[in-house]
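Participant: Give the three-dimensional model of this entry:
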Amino acid sequence: MALFSPLSLRGVTFPNRIAVSPMSQYAAKDGYASDYHFAHLARFALGGAGLVLTEATAVEERGRRTPGDLGLWQDGQIDGLARIAGFVASEGAVPGIQLGHAGRKASERRPWHGQTPLNEEDAALRDEAPWPAIAPTSEPYGEGWPVPRAMEIGDIEDVRASFRAAAARAREAGFRVIEVYAAHGFLLHQFYSPACNTRSDAYGGDFEGRIRLLLEVASDIRSEWPDDLPLLFRISAVDWVEGGWELDDTIALARALKQAGVDMVVCSSGAIGGTATPIRMPVAAGFQAPFAQAVRREADLASMAVGFIWDPHFADALVSDGRTDMVALARELLNNPNWPLHAAQALGVDDDYGRWKPQFGWWLNKRERLIKKLGLRGGD
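Facilitator: Numbering: from 1, shown residues only. Presented below is the predicted three-dimensional model:
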């Protein structure tokens, strides 16, 4: 089955085509990874995923979305992440890290606290005071959000340096893949989307100006990231708003990113924010997969499909039909961290728990034989 065939990018071979999509847990303190993050990500490696990506990890302290975001803006944050990367690799999966900067989307409450801007109440209740945000312009993320400071050239240079330094720390921590978070209204998405970027300097205006920072960040990371390790970019393939980013733009960007040393584009969509009325997304199983297919076909670049993928047969068909190179799952894996192992059984490539760790598989196979022998329909 194609879903369980290996895939090589540069010097890294993924054992299968299943990726763990970054899932923010909002559980960090001052950006530091803890035992919680280790347990959260380790179970996906044990569950058979081919690529395990951390949640969005801020390259600057001010670039966090919430006070609970992971960070890699200082050397002290390396060790906790290195422990995670080491374990994931030891279990046969490829450890990856998503690097990002929230821009005008920064200083936000956790979802269960309202997913609205932090204020003095948060400072009093949880010692989580708001902090100033930066963005391409001074236009806020949405109604009721604070006005960010429009970035000057010095700010852009600082952000570039932060991505470069975080890449060096990711290398030291033992990660084998970097995914840059340039989607869902984060800073780099704010730069390339015409629905947000109204700058008139070299980092705005036409298409080339608006994608300039992305290409510079790709080159900056490549200056620290080994040539034999893959670099991925996650983008919003369409904005779903009038006058926003469109699929043709994505294909052109993918071609430019390829020239800048990017090996795969992860195709999501939406969340640019602002006051524009969104066009209703046609949400259905795999509704973003056509974007990945278009990038793969039109830009001749590897792609990853993400969003509402949970059926093993559908996921396998996406790969076997040549529509995408990998599939990423998120909430389905929260529900069932062993989804890749169950998918292998559903697709007929593992009928005796042989893909499971022997510490699990030996017992499960024994139980299955007993159930069949006794003619039972279930077991504990």
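
Participant: going forward, measure contacts between C-alpha atoms and count neighbours the same way
Facilitator: Noted.

Participant: Test my guess that residue 108 contacts residue 118.
Facilitator: Yes: counting by Cα atoms under 8 Å, residue 108 touches residue 118, with 5.3 Å between them.

Participant: Residues that sit against both of the two, list them.
Facilitator: When Cα atoms under 8 Å, 6 or more residues apart in numbering defines a contact, the residues bordering residue 108 and residue 118 alike are residue 130.

Participant: Please, where are all the strands along the stretch 251-380 of the chain?
Facilitator: Per DSSP state E, counting those that start in this stretch, the stretch 251-380 of the chain carries strands over the ranges 264-268, 302-306, 326-329.

Participant: Could I get the ones you listed in JSON lines, plus columns for distance to residue 92?
Facilitator: JSON lines is the format used below for the strands of the stretch 251-380 of the chain (distance: least, Cα to Cα, whole Å):
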{"stretch": "strand 264-268", "distance to residue 92": "21"}
{"stretch": "strand 302-306", "distance to residue 92": "20"}
{"stretch": "strand 326-329", "distance to residue 92": "17"}
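
Participant: low pLDDT regions in the stretch 251-380 of the chain?
Facilitator: Across the stretch 251-380 of the chain, the ranges flagged by pLDDT under 70 are 275-277, 378-380.

Participant: show me where the stretch 101-250 of the chain has helices.
Facilitator: 120-126, 153-173, 187-192, 207-224, 247-259 (DSSP state H, counting those that start in this stretch).

Participant: meant to ask about the stretch 251-380 of the chain
Facilitator: Counting by DSSP H, counting those that start in this stretch, the helices of the stretch 251-380 of the chain are 289-298, 312-320, 331-335, 339-346, 358-374.

Participant: Mean neighbour count, those: which tops it?
Facilitator: Neighbour counts (mean count of other Cα atoms under 10 Å) averaged over each of those peak at helix 289-298, with a mean of 22.

Participant: Identify the residues contacting that one?
Facilitator: So helix 289-298 is contacted by 237, 247, 250-251, 254, 265-268, 301-307, 318, 322-324 (Cα under 8 Å, 6+ apart).

Participant: how about that helix as PDB, C-alpha atoms only?
Facilitator: Presented in PDB, the C-alpha positions along helix 289-298 are these (Å, rounded to 0.1, in the frame of the first residue of the first chain):
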ATOM      1  CA  ALA A 289      -6.100  17.800  -0.800                       C
ATOM      2  CA  PRO A 290      -6.700  19.400  -4.200                       C
ATOM      3  CA  PHE A 291      -4.300  22.200  -3.200                       C
ATOM      4  CA  ALA A 292      -1.600  19.600  -2.500                       C
ATOM      5  CA  GLN A 293      -2.300  18.000  -5.800                       C
ATOM      6  CA  ALA A 294      -2.000  21.300  -7.700                       C
ATOM      7  CA  VAL A 295       1.300  22.100  -6.000                       C
ATOM      8  CA  ARG A 296       2.700  18.600  -6.800                       C
ATOM      9  CA  ARG A 297       1.600  18.800 -10.400                       C
ATOM     10  CA  GLU A 298       2.100  22.400 -11.300                       C
END
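
Participant: hang on, the earlier thing: how about the strands of the stretch 251-380 of the chain in TSV, adding distance to residue 218 and mean neighbour count?
Facilitator: As requested, the strands of the stretch 251-380 of the chain are arranged in TSV below (distance: least, Cα to Cα, whole Å; neighbours: other Cα atoms under 10 Å):
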stretch	distance to residue 218	mean neighbour count
strand 264-268	12	27
strand 302-306	16	27
strand 326-329	21	26
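
Participant: how near is the closest residue to residue 353 other than its chain neighbours to residue 19?
Facilitator: In space, and not counting its chain neighbours, residue 353 is closest to residue 361: 5.0 Å by Cα to Cα, 6 or more residues apart in numbering. Taking Cα to Cα, to the nearest Å as the measure, residue 361 falls 22 Å from residue 19.

Participant: Residue 19 is in what secondary structure piece?
Facilitator: Assigned by DSSP states H and E, residue 19 belongs to strand 18-20.

Participant: next structured bit after that strand?
Facilitator: Following strand 18-20 in sequence order, the next helix or strand is helix 35-46 (DSSP H and E).

Participant: Could you pull out the buried residues of that following helix?
Facilitator: For helix 35-46, a neighbour-count test (16 or more other Cα atoms under 10 Å) marks 37-38, 40-46 as buried.

Participant: nearest to residue 160, of the residues you listed?
Facilitator: residue 37 (26.7 Å; Cα to Cα).

Participant: and residue 282, how many neighbours?
Facilitator: Residues near residue 282, counting by other Cα atoms under 10 Å, number 8.
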